[in-house]
Each structure stands twice: as C-alpha cells, then as structure tokens.
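*Asks:* What would the 3D arrangement of this be:
(chains A and B)
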Protein chains: 2
Amino acid sequence: MEGNPRLTPTTRGRDGVRVVVLGAGFGGLTFCQNFSFPGAEVTVVDRRNHHLFQPLLYQVAAAGLSAPEIAQPIRSILSPRKHVNVVLDEVRGIDLTGRTVALTTTTLPYDYLVLALGGVTSYFGHPEWEALAPGLKSLEDALRIRSRVLLAFEKAETEPDPVARQRLMTIVVIGGGPTGVELAGAFAELTRTVLRSDFRHIDPRQARVILVEAGPRLLSHLSEQSSASAQRQLERLGVEVRTNCPVQSLQKDFVELPEEGIAAANIIWAAGVAAVPLTRQLGVELDRAGRIKVRPDLSLPGYPEVFAIGDLALVLDETGRPVPGVSPAAMQMAQHVAQLIKANLVTPGTASRPAFRYWDKGSMATIGRSAAVAEIKRLKLSGGVAWLVWLGVHLIFLIGFRNKLAVLLQWAYAYCTYKRGARIIVGEANAPGPTAFG
Amino acid sequence: MEGNPRLTPTTRGRDGVRVVVLGAGFGGLTFCQNFSFPGAEVTVVDRRNHHLFQPLLYQVAAAGLSAPEIAQPIRSILSPRKHVNVVLDEVRGIDLTGRTVALTTTTLPYDYLVLALGGVTSYFGHPEWEALAPGLKSLEDALRIRSRVLLAFEKAETEPDPVARQRLMTIVVIGGGPTGVELAGAFAELTRTVLRSDFRHIDPRQARVILVEAGPRLLSHLSEQSSASAQRQLERLGVEVRTNCPVQSLQKDFVELPEEGIAAANIIWAAGVAAVPLTRQLGVELDRAGRIKVRPDLSLPGYPEVFAIGDLALVLDETGRPVPGVSPAAMQMAQHVAQLIKANLVTPGTASRPAFRYWDKGSMATIGRSAAVAEIKRLKLSGGVAWLVWLGVHLIFLIGFRNKLAVLLQWAYAYCTYKRGARIIVGEANAPGPTAFG
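*Replies:* From the prediction side, this is the model:
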C-alpha cells in the first residue's frame, strides 16, 4: 500500500525526518508544541477534530459547561506550527518492523513514532455493562450522560407511579476515584440547587445520588485524611457514599450491591480505565490494563524509535510505583520525548538516553461549590481553600484564551446565581435515542 | 383516554381555567410570560427542552456560536411563573370539538388553546431533496450542516484528486432570503478568514460559496436598493450570487441550475418554510404553505377559544399583505392573545374582540463582519452602520443574561482575532454519520 502523496512530506529537509504522533490529547499536543528540528516534519493523527480538556469532562456531563467550552480544534491550536500536519483519521494498525502506520485512508511511514492515544473505559471483563452504565471518556459520553439524566427528570415530572418516579430520580455513580467523586458532587449540586425550582410536580432535591466504591475509601491515591474529608464534603451535599461495596451485577436500571439492590434510571461507570485496545496488536509486553511496559526513556523495548506516553504507557517512578494517568504526567512525558528525539537528531547514534523522571505537582479532586481536597507534597488542603487552588490550576491549564474566559465567566455566574445554562437537550423528546447535546 | 392526573391542574381557582400552549418558541414563550389570571393554569408543551434563538441559528451552522449560546432551557426561563407547567412531549393530535390535545404520554383538556408550533423547511413538493440539501430550522439541523462543512474541508486536505477537492470545497446555499444571505456571508467569512491558516495542503480561501436565488433579487421583502447593497457586500466577501436561477434538480453533491451544473459536497436549503404538518389535521382553512387562515383576532374560524400565532398562522396586515414570519410578529401576536384571553375572563361573554395589528419595527439581514442591510420604516441602512444596528437588536433580544454576555464576548473576540472557537465535531472521523456537535 502506497502512502498518499498529500500526506507524505514533500519537502524533506536536512535529514527528512518524519515524526508521526498518534493522538492529540495532552501528551500528543504537548509533544507537537515542544518538538521542532530543521527539516523534520511532524504529522499528528486524531480521529476527532478537537483536543479535549479531560479534567473538566465531568462538568459537561453534569450540565455545568457546554461541550465547546472544554474543547478546541486541533488545527487551530497547532496552526502557528507550520512543520506540523494535522490529519483527521483513525489508526487501523502499526507495523513496528516496517515503520508505518495504517490509517483508514492512507499509510504513513515514520522515522520516529509517538504513541499517545490514551485510554478507554474498562468494565473489568464485563463488556455487556457498557450499555447499562456509560463511562466518561469523550464528549459524546458526557453529552449522552447529561441527556439521560435530564430526560429522566423530565419523565419523573409526569410519572404518576411513585416507585417509578424514585427510580427516575436516582443516580448511581460507580467508582470512587477522582472522576466518580467529581461526578457525584456535581450531580448533587445540579439536583439540589440548579434544578430546584424548575419543576412543578417533583422536588429535584429528593433525588438520590449514590457513590459506590469497591475499596475501603474514596480517592485511594490520596491520604486517609483527604479521603475522609472528601466523603464528609460529599455527604454534606447529600451524596450517599457506599465504600467496601463492589458491584455484584448490573441490569437495566438496576445495580446489585452486596447488601442491597438499587433501582436507578441513571447509572454511570467511573470505575476503570485501560489503554486503547490497539496496544494489544503491537506484540510488546503490557500490564493487565493493556498499558505498554516502556523502557526508562519511554521507548518501546526493541524499538528505540518508538515511544509511548500518557495513559497507554506503564511508567514507574523512582519508588517503583506507576506514574498516575493524569494530564501533567502525560505532558511531562511528551516534553521528555521531544527533548530526546531532538538530542538524537543533533548527535545521531549516541547511546546515552536519559530516563524519564516524573515531577509530582500534587493531586486534587473537586466536590462542589467551595468543596474540594488537594494534596501538594505534604500539604493537605480541603474545603474552600482546596477549591480555590483547584479552580486556579484548571483555569491556568485550560488551553485557549476564549475558553478560559468563557469558563471563568460561566463559573462566576453559576457561583452567584446557582443557574446553569448548558442544560440543552438536542434530539427529540420521544425519539429513541436523543443523545446529542450542545 | 383519561388525562394524567399529574398534568391536570389539581388546584382549580375561581374559574379553574386551563390554558394549553403548544410550542415554546418566541410566540409560545411570550404568551406564557404575558398571560396570568387568578386561578388559571397554563401548560406549555414542547418536544424540546430548550427555547431557541432562531435568528442566530445560522451562526451555529457556520461554527460562529456554540449551540448552548443560542438556546436556553424552557423550564429555567419559566421557572419564576408558578402557574405555568412545562411538559416535554410531542403533540399527536388535537380534538377541536372535544377540546383536548393528545400527547404521546397523556391527553390534556383545555379551555383555551394557543397554537404556536412554528414552521418546518419546505421543499416545494420535493421531499426527496431533504436528504441532499439539509434545511436550517433546529439546532440539530445547524449542527449537521456545521459537521458536514467542516468534515468536507478535512477530507479536502487529504484528497489528491483536484476535481474531488474542489467539490469538497464548494458550498451552495439555495434561497436568497435572510437565512440564505446570512448563511452565505457567514460561510464566506469562515473560509476566507477563520480557517485560512489551519490547513497545510489546501487553501480554504479557494473555497467557492455560491448563493442561488430563483427570483430576480436577494431579500425580496426589502427595497431594491437594499437588495443591490446586500449583493454587493456578499460579492465583496467572495460569494458568487446567482439570481433568476431556479434549481432544476438536485442529486447527491450536485445542483442542476438552468445554465450550469455545480458539483458541491455542501448544499444547504434555505428556500422555503411551511407551517408544521399538524395544521392539516385541523379541518380549518389553510393557505398553500399550510398556515391557518385565522380571524382578525387570531382565533380559528368557528373556535373562538383556539388561537394560532407565529409561523403557522396566516395573518394579513392593514394593507392586506401577510405579516412576515419573523420573531417580533410572533411575539406581538402572543401579547395580543394574552390580552384577549384575560379580557374574556374578566368580562365573560362579551362580543367585542379587537383585531390584531402588526407593528413593523423594520427588517434586517447581516452579511458578515461590518456588513449588513437594515430598513426601519423609510430609513435604509447598509454596511457598518446596519451591522451595528443588527448587533444591538440581536443582543437586546437574546433571552437570558448569560447567553447575552457569552455571545457578546465571543463576537468581540472573533471580531478582534478572526478565530472561532465553536468548530468542534462530535462523532468519530470515519463513523457513518458524525452529525452531533457542541
């Protein structure tokens, strides 16, 4: 299969180096923004036209932000970088020996390859649960969840049967990590404050929001002190927290827990993440979540010209623990690989390759208005202070001036008035699947 | 069929009057905001959960605004009006004799009925053209058009065949009314300025935007002077305007005109509007576009308790010409009917019913950045002044503070930088139909 001439670099520079980057998430984008070398051409492939600010995806699901506020066209972000080609396409396969990437429409040869395709929701061997409890990885996921929850309240408003009504007004979030905690908090706020006066026959404050965690505590990557604080803050918002509570089974609108069954029209899966399935085709060593066990310099064993960064890479820090799957880690890995390829091009054939070192800037999770937990080194924050830190960090890192300003304004407005403007359902009321949103 | 008790007013006041409003567009919403009477309950039914600011829909189609910026939840707008019930459902039929409205889930009895369901795109007896040239009436329509145009440019970027490439980069807008003029202008700006530096292999400025009008001039409801000015301003932006040019036939990606055929991956239909099909079930007299020929007081002949307002009503002004299908007209009709029902309830049985009088505040259409035409009584404006008037009027009428501010900011930002942030495609690159957007 011949490469499409419109995608193969036409002007090859000193070395005519072709760098192919798969994925324009935090890792892929940061690489493109940090790598340049005379004559080198970078081609970045993504199946979507937008970069997504994943840390705020839960806000889109909970109708707090609209989709474009956390997304930006990849072309527009990379527009000033003339050596970078953006291709909207899907990766079909990678030939590590032949050094080519097969897309749907063409095949790209490469000299260096950066794998930055991220992760997918994992149902731990229960793929049939996906239809019953959607996960939260993409804008589509977020809009689907938002649609489902808002429509359930619409149905509850006209539902005469109290049992059915309560089922429609129950939201179960499975998984007590950052995403689960943030989702549960945001839904509690949505039902307790935003929707409060919108209905005539139901009281949205009587909605149940239940957060289910299999392990002994929420946010297990933080200290016990922060876990306990997060649980207290969630309960103050009205969230029912169940720990030591692994899901036994899922049916349509029903969650079976060890000691109870919960009828809920809204079940959301925030319990597991795995690397994209493509890693399984590479023939390299993976961990159970499908992540590539990279070498200390982030290259693939046996393929020094191929690197894996972000959520699809298993990287160990100095203490032997895996580097967490968060955006700062992906961005640091991208910078490391950009430096490394540059150094390789300057002095080809040199053997020394520095190992990647993760600089942990801290962890945080938000729970609601003025409610959050944050840990920065030994500093543990909670409540309003942690929330302000969280707000500042997220605004600083939101890519793009417009989005930053729009998000700030919307939050300021929501904070003052408790109203939310993004509660738009696109699709018809009684159509089989009104899943698309704004 | 019995009414659902949760939808039938439970507390009936002095008269226990039940007013049912079908549709929460400009007409229905304005009625709800203007009508109140002790003991009267209003139920407004819409199949969507949001009110749409239709005049800016073309901006969503042209990726200038995001969907939530021109939409607001109906519940949230009507939340302070405790006598108003909002029902998310679809109208299945109306029994004018039995005074009931059948919805999907229940049946609503009424004492007064206000029909405000608006219009649909009309293909003048060619329903098969709908799939070839989408119209622009809903958010879904706008997002579908946006998706199609942006994906066509993505495909053009990797398309080696120059003929296919030109087809992908050609946009044909059919219909030279306000919507067609605004769409053509917005697409010309999008391709000439916003997308200019985003691609590596194509130059979006070489895209063709062609506006096709069957009649002798654009904007035929305005003066010849304004029509000519609009055409000049469009041509300055790079739009090719074809007048006296009725579409002969449409095929997939191909428009047959009297003297030429145009291959275009993007064909948009802005040529016709008709009343919703439901009017044909009522057994009352209609015009060719399905609009109800109402009495001078806006009631249906033979049914003094039923009113039709907005795009589904044919109302004649003093000069015998139909009142145009614009939002100010729908809002004025809503106010008239609200007053009339109130007066009827105060002094029941009185025979006198004032006729509706349309107060024409003027007409305008925008073409692009600093380009527009406006006519207010005898005053004819064009260019930058008309554009500022257009901007002011639309901002003042945009419902909801948040949206107003967000739209203003986004416009100010777009005006200064020529960038647009709403260019998000939701859906996968190579999925059969990535139609949903933010």
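*Asks:* Quick check, A:Gly177 in contact with A:Leu219.
*Replies:* Yes - the criterion here is CB atoms under 8 Å, and A:Gly177 meets it with A:Leu219 at 6.7 Å. Just so you know, the C-beta spots here come from the backbone N, C-alpha and C atoms, and that holds for glycine as well.
*Asks:* Do stretch A:205-220 and chain B come into contact?
*Replies:* No - figure legend: stretch A:205-220 not in contact with chain B (CB under 8 Å from any CB of the partner chain); closest approach 14.5 Å.
*Asks:* For A:Ala62, list the residues it contacts.
*Replies:* A:146, A:149, A:183, A:186-187, A:189-190 (CB atoms under 8 Å, 6 or more residues apart in numbering or on different chains).
*Asks:* So which of the residues you listed are in strands?
*Replies:* Assigned to strands by DSSP state E, none of the contacts of A:Ala62 qualify.
*Asks:* Which ones among those residues also lie next to chain B?
*Replies:* Applying CB under 8 Å from any CB to the contacts of A:Ala62, none is adjacent to chain B.
*Asks:* which of those lies closest to chain B?
*Replies:* Nearest to chain B among the contacts of A:Ala62: A:Arg146, at 11.0 Å, using CB to the nearest CB.
*Asks:* okay, the closest one: pLDDT?
*Replies:* According to the predicted model, the pLDDT of A:Arg146 comes to 91.
*Asks:* Ok, A:Ala414 next?
*Replies:* For A:Ala414, pLDDT reads 60.
*Asks:* List the neighbouring strands of the strand or helix carrying A:Ile210 plus their orientation.
*Replies:* Taking DSSP states H and E as the criterion, A:Ile210 maps to strand A:208-212. Within its sheet, strand A:208-212 is paired with strand A:170-174 (parallel), strand A:239-242 (parallel), according to DSSP bridges.
*Asks:* got the buried residues for the very next helix or strand once past the shortest one?
*Replies:* Just to be clear, that refers to strand A:239-242. For strand A:239-242, the succeeding helix or strand toward the C-terminus, using DSSP H and E, is strand A:249-251. By 16 or more other CB atoms under 10 Å in any protein chain shown, the buried positions in strand A:249-251 come out as A:Leu250.
*Asks:* how distant is the helix or strand following strand A:249-251 from the center of its chain?
*Replies:* Next helix or strand after strand A:249-251 toward the C-terminus (DSSP H and E): strand A:254-256. Its chain's C-alpha centre and that of strand A:254-256 lie 25 Å apart, by CA atoms, centre = their mean, to the nearest Å.
*Asks:* and what of stretch A:382-398?
*Replies:* For stretch A:382-398, the distance to the chain centre is 18 Å (CA atoms, centre = their mean).
*Asks:* try stretch A:258-276
*Replies:* With CA atoms, centre = their mean, you get 17 Å for stretch A:258-276.
*Asks:* what residue ranges in the stretch 251-400 of chain A are flagged as low confidence?
*Replies:* For the stretch 251-400 of chain A, the stretches flagged by pLDDT under 70 are A:350-351, A:397-400.
*Asks:* same thing with the stretch 1-150 of chain A?
*Replies:* For the stretch 1-150 of chain A, the stretches flagged by pLDDT under 70 are A:1-15.
*Asks:* which helices and strands does the helix or strand that contains A:Asp141 pack with?
*Replies:* A:Asp141 is part of helix A:139-157 when elements are defined by DSSP H and E. The helices and strands touching helix A:139-157, judged by 3 or more CB pairs under 8 Å, 6 or more residues apart in numbering or on different chains; DSSP states H and E, are helix A:57-61, helix A:162-168, strand A:266-269, strand B:84-88.
*Asks:* and those, which is most packed in?
*Replies:* Compared across these, helix A:57-61 shows the largest average neighbour count, a mean of 27 (mean count of other CB atoms under 10 Å in any protein chain shown).
*Asks:* Which neighbouring elements make contact with that one?
*Replies:* In terms of contacts (3+ CB pairs under 8 Å, 6+ apart), helix A:57-61 is packed against helix A:139-157, helix A:178-189.
*Asks:* Could you dump those helices into a markdown table and include distance to A:Ala116?
*Replies:* Output for those, formatted as a markdown table (distance: least, CB to CB, whole Å):
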| stretch | distance to A:Ala116 |
| --- | --- |
| helix A:139-157 | 18 |
| helix A:178-189 | 20 |
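*Asks:* Could you identify which of the ones you listed is most buried?
*Replies:* Of all the helices and strands packed on helix A:57-61, helix A:178-189 carries the top mean neighbour count, a mean of 27, counting by mean count of other CB under 10 Å.
*Asks:* show me what contacts the nearest residue to A:Leu168 once chain neighbours are set aside?
*Replies:* Distances taken as CB to CB, 6 or more residues apart in numbering or on different chains place A:Ala156 nearest to A:Leu168, at 4.0 Å, with adjacent residues excluded. A:Ala156 makes contacts with A:165, A:168-169, A:202, as judged by CB under 8 Å, 6+ apart.
*Asks:* returning to what we had before: of all the strands paired with strand A:208-212, which gets the most neighbours per residue?
*Replies:* For the strands paired with strand A:208-212, the highest mean count by mean count of other CB under 10 Å goes to strand A:170-174, at a mean of 27.
*Asks:* so it versus helix A:178-189, what angle?
*Replies:* 170 degrees (axes from the mean of the first three to the mean of the last three CA atoms, to 10 degrees).
*Asks:* what about strand A:170-174, average pLDDT?
*Replies:* Averaging pLDDT residue by residue across strand A:170-174 gives 98.
*Asks:* State whether A:Ser36 is indeed within a strand.
*Replies:* No - A:Ser36 is assigned coil when assessed by DSSP: H, G, I helix; E, B strand; the rest coil, not a strand.
*Asks:* which residues does it contact?
*Replies:* By CB under 8 Å, 6+ apart, the contact list for A:Ser36 reads A:81, A:83.
*Asks:* got the phi/psi numbers for the residue most central in space within chain A?
*Replies:* Nearest to the mean C-alpha position of chain A, by CA atoms, centre = their mean, lies A:Gln54 at 4.0 Å. The phi and psi values for A:Gln54, taken as degrees, to the nearest 10, are phi -50, psi -40.
*Asks:* what separates it from chain B, distance-wise?
*Replies:* 14 Å (CB to the nearest CB, to the nearest Å).
*Asks:* Skip the chain neighbours and tell me the closest residue to that residue.
*Replies:* With CB to CB, 6+ apart, the residue lying closest to A:Gln54 is A:Ser327, at 6.6 Å.
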